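Asker: Structure for the following, please:
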Amino acid sequence: ESVGQAPIVMKKEIAGFIVNRLQVALLNEAFALMEDDCISAEDLDTAITDGLGLRWSVVGPFETIDLNASGGLSHYVDIFGDLYHAMMKDRGAPHRWDEALVERINGEMRERWPLEDVPGRQARRDRKLMALARLQNERSAE
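Answerer: Residues are numbered from 1 along each chain as shown. As a prediction, the model looks like this:
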């Protein structure tokens, strides 16, 4: 808390911890969308940074759906639950990310940013995250 982080309580020990497991679920779909040639790596990143990431930096996934239906979370699930289930079933059993696909996505990333730019990009990311954290702390004080 003293450095602007928000601790969470894990009720039991699991492999990968909480945030990493949520990240892998999103990455699994991101890789699948790329494999299905639905979107470019750049546009997928934009969908997260300018869409879902912004939304989730203000309200989490459960609060998001709670706010998106007049009857709250359970109403949202009543309306969209079958659609979400169909999307999950559409993917079938998860599979390992294909090496050629990983290389294709990596190639797109290297076209956008050479590896030597990583330290500068990390510093930019960290500055933006700290600014968002400051805004979140202001929100908490409201």
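Asker: Longest helix in this structure, by number of residues?
Answerer: Across the chain, the helix with the greatest residue count (assigned by DSSP state H) is helix 118-141.
Asker: ok, residues contacting that helix?
Answerer: Residues from elsewhere that reach helix 118-141 (Cβ atoms under 8 Å, 6 or more residues apart in numbering): 4, 5, 57, 58, 113. (C-beta placed from N, C-alpha, C; glycine too.)
Asker: Which parts of this protein are strands?
Answerer: Applying DSSP state E to the chain gives no strands.
Asker: Tell me where it has helices.
Answerer: 17-35, 41-47, 53-58, 61-67, 72-91, 99-112, 118-141.
Asker: so where is this structure shaky, pLDDT-wise?
Answerer: 94, 140 (pLDDT under 70).
Asker: For residue 56, see how far away residue 133 is.
Answerer: Separation of residue 133 from residue 56 (Cβ to Cβ, to the nearest Å): 14 Å.
Asker: ok, now residue 132?
Answerer: Distance, residue 132 to residue 56, by Cβ to Cβ: 11 Å.
Asker: Ok, residue 16 next?
Answerer: Residue 16 is 19 Å from residue 56, by Cβ to Cβ.
Asker: Count the neighbours of the residue nearest to residue 33 when sequence neighbours are not counted for me.
Answerer: Closest residue to residue 33 apart from its sequence neighbours, by Cβ to Cβ, 6 or more residues apart in numbering: residue 39 at 5.3 Å. The tally of other residues near residue 39 (other Cβ atoms under 10 Å) stands at 14.
Asker: next one: phi and psi at residue 39?
Answerer: With angles defined as degrees, to the nearest 10, residue 39 sits at phi -160, psi 160.
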